[in-house]
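Q: sequence plus the predicted model coming up.
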Amino acid sequence: MKLRKVTAATATVFALALTATACGGDDGGDNNSSSGGGGDKIKIGIKYDQPGLGLKTPDGSFTGFDVDVATYVAKELGYKPDQIEWVETKSADRENALARGDVKFIAATYSITDERKEKVDFAGPYLLAHQDLLVKKGSGISEATDLNDKKLCSVTGSTSAQNVKKDFAPDAQLREYGTYSECIAGLQSGSVDALTTDDSILAGFASQEQYKGKFELAGLKLSNENYGVGVKKGDTETVNKINDALEKMVSDKSWEKAVEANFGPAEYKNEPAPQIGNIVK
Ligand code: GLU
């Protein structure tokens, strides 16, 4: 109990510090409103800890499908790769980061939902994933019903955690962490029994050298996760430009190349490229 209080207090201080630094923030892109691009820098939100999607590597570079999509979109908006400033946007931070103007757009396994659409706008979708479970090999957990009374890890602010509570595993002991890499560490140590989120993310983790042969995906398609590019609410001009960029990325085969390069190593069987505006419910 005491520990919990300390944590809450620390979180408050941290939140205040964040608010303070956010004051005076711009719209995430410098000097790019009228000409449609070509300013000094563009700030883009991604994940930093999701192999195959958005990963900051030890040498400080960034890799993954979301990184490739974002780089392509930025190019179409008039920014070269060296003009991109990557910003970590964890699941629970995304709506606020856009509202504050910390970033111009977010490509971070960000599912388009009606609830989120009240706060942000989305371009896309550009990928369809499905919620699944990652467990230790031989755990005996293969269905959502096996999760009753089990410790199930997911991330605060994600659709994955929400779906667990309202849909398929209300009786699981849900542990909400800040990032999926914290859940993976918990799965490895045995402090949680399963991790749930999009199969695209789980496949990326499972294929990491240090986890090879240890974990397995259950292969359940528990939901449809339509990844969109998040944009500040009301910025229709940027949404339209990003939709054009995403369409071009598919038609010139860059989308397919990015899929192969990033999901190939994880043997992730992705769905075909979605049509812009076509949300699979
Ligand atoms: N795609 C889901 C979501 O937007 C889960 C992955 C994530 O947390 O980024 O919440």
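A: Thanks, I have it.
Q: now do the phi/psi pair for the residue nearest the centre of the chain.
A: Nearest residue to the geometric centre of the chain (Cα atoms, centre = their mean): Thr109, 2.7 Å. Main-chain torsions, Thr109, degrees, to the nearest 10: phi 40, psi 50.
Q: so who does it touch?
A: Thr109 sits next to 47, 50, 53-54, 66, 129, 198, 200-201, 225, 227 when contact means Cβ atoms under 8 Å, 6 or more residues apart in numbering. Bear in mind the C-beta positions are built from the backbone N, C-alpha and C, glycine included.
Q: quick check: helices, which of these are part of them?
A: Among those, the residues falling in helices (DSSP state H) are 66, 200-201.
Q: near the ligand, from those?
A: Contacts with the ligand within the ones in helices among the contacts of Thr109, counted by Cβ under 6 Å from any ligand atom: none were found.
Q: for ChimeraX, write a command that selects the buried ones of those.
A: Buried residues within these, by 16 or more other Cβ atoms under 10 Å, are selected in ChimeraX with:
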select :66,200,201
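Q: out of the ones in helices among the contacts of Thr109, which is nearest to the ligand?
A: Using Cβ to the nearest ligand atom, Ile201 is the member of the ones in helices among the contacts of Thr109 that sits closest to the ligand, with 6.1 Å.
Q: pretty sure that closest one is touching Tyr180, no?
A: Yes - the pair Ile201 and Tyr180 qualifies as a contact (Cβ atoms under 8 Å) at a distance of 5.9 Å.
Q: tell me the one of the ones in helices among the contacts of Thr109 nearest Lys165?
A: Nearest to Lys165 among those: Ile201, at 18.9 Å, using Cβ to Cβ.
Q: ok, the closest one to Asn240 distance?
A: Distance, Ile201 to Asn240, using Cβ to Cβ, to the nearest Å: 28 Å.
Q: done for today, thanks.
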